[in-house]
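Visitor: here's my sequence, what's the structure:
(one chain, ligands or ions: 1)
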Amino acid sequence: MSVTLDIREVEPGNEDYEQQAWELKETIRKREGVLKQRRGFFSDAYRRSTVHVAIETGQDGERLAGFSAVRRDGYILFLAVDPEFRGRGLGKQLIARVAENHATVTCHARTTNENALKFYEHLGFEVKRRIDNYYEDGGGAYYLKHGSDGGLAQRLSEFMRR
Ligand SMILES: CC(C)(COP(=O)(O)OP(=O)(O)OC[C@H]1O[C@@H](n2cnc3c(N)ncnc32)[C@H](O)[C@@H]1OP(=O)(O)O)[C@@H](O)C(=O)NCCC(=O)NCCS
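Guide: Numbers count the residues shown, from 1 in each chain. Sure, this is the predicted structure:
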């Protein structure tokens with residue numbers, strides 16, 4: 001069966017793919033205990049962000065494989081890749097889209113989210129600080145940053161050309 005995957009941009013104020021993104025986030029929350037934000041926060045943040053959605057088109061129609069949502073200042077509000085699509089460079093491509101438009105990219109990650117922390121550190125993000133009680137459930141977070149030297153954009157744009 002032929003399947004194609006492409007990344008589309010959803011501009012701020014546009015709700016396209018919001019429901020699918022919410023459902024993917026909820027699937028991940030239930031399985032992995034991360035991405036615990038509530039619906040109101042999620043919807044509000046989604047609509048204020050530029051969202052990069054990875055869409056798989058197959059015989060049964062479209063399916064959301066992953067998405068990144070970024071604020072105007074390069075802060076990543078959400079990053080999620082469907083477990084079935086992980087380990088294929090999709091998370092990196094979604095961050096690459098963000099890095100194309102922002103010299104500095106930042107985010108928070110739960111201190112217990114080893115997967116995400118290893119992923120971000122692998123891409124060259126640095127832990128800037130730890131914040132206790134960052135999340136509503138009392139969980140702590142690391143604030144991560146990729147510097148303004150253009151290194152991330154360059155590294156990821158090289159990847160995009162492959
Ligand atoms: C974190 C997440 C987005 C990674 O997505 P992914 O598509 O599997 O990641 P990629 O395949 O693009 O990986 C990119 C690189 O990071 C590395 N990497 C990814 N996860 C890793 C891990 N757990 N440990 C070590 N390296 C890892 C990959 O090996 C790859 O390296 P390479 O470029 O040298 O080949 C995905 O696991 C996810 O959605 N997790 C749940 C949601 C979440 O935690 N989001 C972040 C909230 S802050």
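
Visitor: apart from its chain neighbours, what residue comes closest to the residue of the chain found nearest the ligand?
Guide: Taking C-beta to the nearest ligand atom, the ligand has its nearest neighbour within the chain at G91, 2.6 Å off. C-beta here means a position set from N, CA and C on the backbone, and glycine is covered the same way. Closest residue to G91 apart from its sequence neighbours, by C-beta to C-beta, 6 or more residues apart in numbering: V81 at 4.9 Å.

Visitor: I figured the one you found hits G66, correct?
Guide: Yes: in terms of C-beta atoms under 8 Å, V81 counts as a neighbour of G66; the distance is 3.7 Å.

Visitor: what is in contact with those two at once?
Guide: A54, L90, G91, L94 (C-beta atoms under 8 Å, 6 or more residues apart in numbering).

Visitor: how about the residue of the chain closest to the ligand, what does it touch?
Guide: The contact partners of G91, by C-beta under 8 Å, 6+ apart, come to G66, L79, V81, F119.

Visitor: how close does it sit to K25?
Guide: Separation of G91 from K25 (C-beta to C-beta, to the nearest Å) stands at 14 Å.

Visitor: so where does Y142 fall, helix or strand?
Guide: Following DSSP states H and E, one finds Y142 within strand 141-146.

Visitor: could you dump that strand to PDB, C-alpha only?
Guide: Listed next in PDB are the C-alpha coordinates belonging to strand 141-146 (Å, rounded to 0.1, in the frame of the first residue of the first chain):
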ATOM      1  CA  ALA A 141      10.400  20.700  34.500                       C
ATOM      2  CA  TYR A 142      13.700  21.500  32.800                       C
ATOM      3  CA  TYR A 143      13.900  24.600  30.700                       C
ATOM      4  CA  LEU A 144      15.800  23.800  27.500                       C
ATOM      5  CA  LYS A 145      17.300  26.100  25.000                       C
ATOM      6  CA  HIS A 146      19.100  25.800  21.700                       C
END
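
Visitor: mind giving me the packing neighbours of that strand?
Guide: strand 105-110, helix 114-122, strand 126-131 (3 or more C-beta pairs under 8 Å, 6 or more residues apart in numbering; DSSP states H and E).

Visitor: TSV for those, including mean pLDDT, distance to A99 and mean neighbour count?
Guide: Below are the helices and strands packed on strand 141-146 laid out as TSV (pLDDT from 0 to 100; distance: least, C-beta to C-beta, whole Å; neighbours: other C-beta atoms under 10 Å):
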stretch	mean pLDDT	distance to A99	mean neighbour count
strand 105-110	97	6	21
helix 114-122	97	12	15
strand 126-131	96	15	12
